[in-house]
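Q: please find the sequence and the predicted model below.
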Amino acid sequence: MWKYVLRKWKKYRYRFVPWIALHLKDRTVRSIPKGGKDKLVSDGEIKRTLIEFFTSLEGHTAGTRRQDVIYMDNLQAMWKTLGFKVERQTSSLSSGGTGVFVTDGHVPKHTVVSMYPGAVYLPGDPLLIQSLGNPFIFRCIDGVLLDGNDKKLSKFVFRSCSGRDRVGPYPVCDNSWLTPYPLNPLAVGQYVNNRSHDISANVAYQEFDIPEDFPFHLRQYIPNVFYRPSVHDEYMDTLGKRLVRVVVLVSVRPIQTGEELFSSYFTVIN
Ligand SMILES: C[S@@+](CC[C@H](N)C(=O)[O-])C[C@H]1O[C@@H](n2cnc3c(N)ncnc32)[C@H](O)[C@@H]1O
């Protein structure tokens, strides 16, 4: 029985874990050809965008200003740097809960429009308890999992991992995505809803490993942290010199003000 489950899991290719597959009726599949890397934009372009945007946020955290005020400033910085704002709002789908919308500006095709926050679990890390009934477990192409749930045990786990990995006074990731006012307003990608038969996807997920030369002072805006402590040696052996896995959402077509973002939860690599 256990071997059967493991064999099935190894073959499992959807972006979200089986729990969500059981709960969504519309499972329109996005198919990627064998050998395809599912990369819409280059790693260099993602790195450039993140550095440019994070740099524009610097200085907004100083002092004792309220988090909601900082959030508004950072949304404004998003508009100035990237040319658009994305925010959480009630979904346009009945029973869609919260979704993510472009609330100002215009998103050109092949632009980083959001980030999927959460703790990063490598194959073999214990995620079972956090994953029960959790619709926010995201699966990367290589089997790495992200838990983007901002409540309950998942929230507690992220907070403790982010505290553990501090280097002196410098945070190496951001945990404000667990609140309604993320310091990095891109970090709302876990709320993007699945496309339906009538509405096609306007964004797609893309993995990006933060390289070692990423500016240290900007890591405070990265909404991801490894679950496992001291993972780096092992991780670097397999993937080269990388600090942490992030997942960005990239527009697959131009998106205008007022449009809700929709992805394909059922992306499958053939
Ligand atoms: C990753 S969460 C997305 C955020 C979610 N809308 C919320 O408010 O928490 C996935 C959950 O969103 C809902 N959802 C996503 N796409 C949907 C769709 N096309 N129709 C209805 N519900 C959807 C389902 O409840 C699913 O379990």
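A: That came in fine, so what should we check first?
Q: need the nearest residue in space to residue 259, chain neighbours excluded.
A: Of all residues not flanking residue 259 in the chain, residue 102 sits nearest, at 5.4 Å (CB to CB, 6 or more residues apart in numbering). Bear in mind the C-beta positions are built from the backbone N, C-alpha and C, glycine included.
Q: the one you found touches residue 85, doesn't it?
A: Yes. Here residue 102 reaches residue 85: they are 7.1 Å apart, a contact under CB atoms under 8 Å.
Q: who has more neighbours out of those two?
A: Neighbour count, other CB atoms under 10 Å: between residue 102 and residue 85, residue 102 has more, with 22 against 19.
Q: count of residues packed around the residue lying closest to residue 90 once chain neighbours are set aside?
A: Among residues not flanking residue 90 along the chain, residue 98 sits closest, at 6.5 Å (CB to CB, 6+ apart). By other CB under 10 Å, the residues close to residue 98 number 13.
Q: which residues in the stretch 1-150 of the chain form helices?
A: Taking DSSP state H, counting those that start in this stretch, the helices of the stretch 1-150 of the chain run over residues 2-11, 18-23, 43-57, 67-82, 128-131.
Q: are the last one and the ligand in contact anywhere?
A: In this case it means helix 128-131. No. Judged by CB under 6 Å from any ligand atom, helix 128-131 and the ligand are separated, with a smallest distance of 12.7 Å.
Q: mind listing what's buried in that helix?
A: Residues of helix 128-131 classed as buried: 130, 131 (neighbour count, 16 or more other CB atoms under 10 Å).
Q: so what's the gap between that helix and the chain middle?
A: Relative to its chain's centre, helix 128-131 lies at 19 Å (CA atoms, centre = their mean, to the nearest Å).
Q: what's the answer for the third one, then?
A: On the basis of CA atoms, centre = their mean, helix 43-57 sits 15 Å off its chain's mean C-alpha point.
Q: not counting its own residues, what contacts it?
A: The contact list for helix 43-57, computed with CB atoms under 8 Å, 6 or more residues apart in numbering, reads 74, 77-78, 80-82, 111-112, 183-184, 186, 206, 208-209, 211, 214-215, 218, 221, 248.
Q: what's the first helix or strand after the worst-scoring helix or strand of the chain on mean pLDDT?
A: Within the chain, no helix or strand scores below helix 232-239, which has a mean of 56 by mean pLDDT, DSSP states H and E. As assigned by DSSP states H and E, the chain's next helix or strand after helix 232-239 is strand 242-251.
Q: quick check: mean pLDDT of that following strand?
A: For strand 242-251, mean pLDDT is 92.
Q: ditto for stretch 132-143
A: Computed over stretch 132-143, the average pLDDT equals 89.
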